[in-house]
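[1] Dropping the sequence and predicted coords here.
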Amino acid sequence: MKNLKKIPGFKNEAEEVEFWSEHDSTEYIDYSKGKKAGRFTLL
């Protein structure tokens, strides 16, 4: 299991955008535990 870094708190959305533009999210989020999206159909 990969040791993940803790995502810092953000004061506002602009600060969060700046953070993610400079950091690799794979160091913070384990995407292997995510679920695949289901299929959507039009009714």
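    Received it, and whenever you're ready, just let me know what you need. Residues are numbered from 1 along each chain as shown.

[2] which ones are touching residue 27?
    4-5 (C-beta atoms under 8 Å, 6 or more residues apart in numbering). Every C-beta, even on glycine, is put in place using the N, C-alpha and C of the backbone.

[3] send the alpha carbons of stretch 23-35 over as PDB?
    Provided in PDB are the C-alpha atoms of stretch 23-35 (Å, rounded to 0.1, in the frame of the first residue of the first chain):
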ATOM      1  CA  HIS A  23       0.900  18.900  -7.200                       C
ATOM      2  CA  ASP A  24       0.300  15.400  -8.500                       C
ATOM      3  CA  SER A  25      -3.000  14.100  -7.100                       C
ATOM      4  CA  THR A  26      -1.800  10.500  -7.100                       C
ATOM      5  CA  GLU A  27       0.400  11.400  -4.200                       C
ATOM      6  CA  TYR A  28      -2.800  12.200  -2.200                       C
ATOM      7  CA  ILE A  29      -5.600  10.000  -3.600                       C
ATOM      8  CA  ASP A  30      -5.600   6.200  -4.000                       C
ATOM      9  CA  TYR A  31      -7.500   5.900  -7.300                       C
ATOM     10  CA  SER A  32      -7.200   2.100  -7.200                       C
ATOM     11  CA  LYS A  33     -10.000   2.000  -4.600                       C
ATOM     12  CA  GLY A  34     -12.400   4.100  -6.800                       C
ATOM     13  CA  LYS A  35     -15.400   2.600  -8.500                       C
END
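
[4] buried set for that stretch?
    Buried residues in stretch 23-35, counted by 16 or more other C-beta atoms under 10 Å: none are found.

[5] how distant is that stretch from the center of its chain?
    On the basis of C-alpha atoms, centre = their mean, to the nearest Å, stretch 23-35 sits 6 Å off its chain's mean C-alpha point.

[6] Stretch 24-36 now?
    7 Å.

[7] Repeat that for stretch 22-40.
    That offset, for stretch 22-40, works out to 6 Å (C-alpha atoms, centre = their mean).
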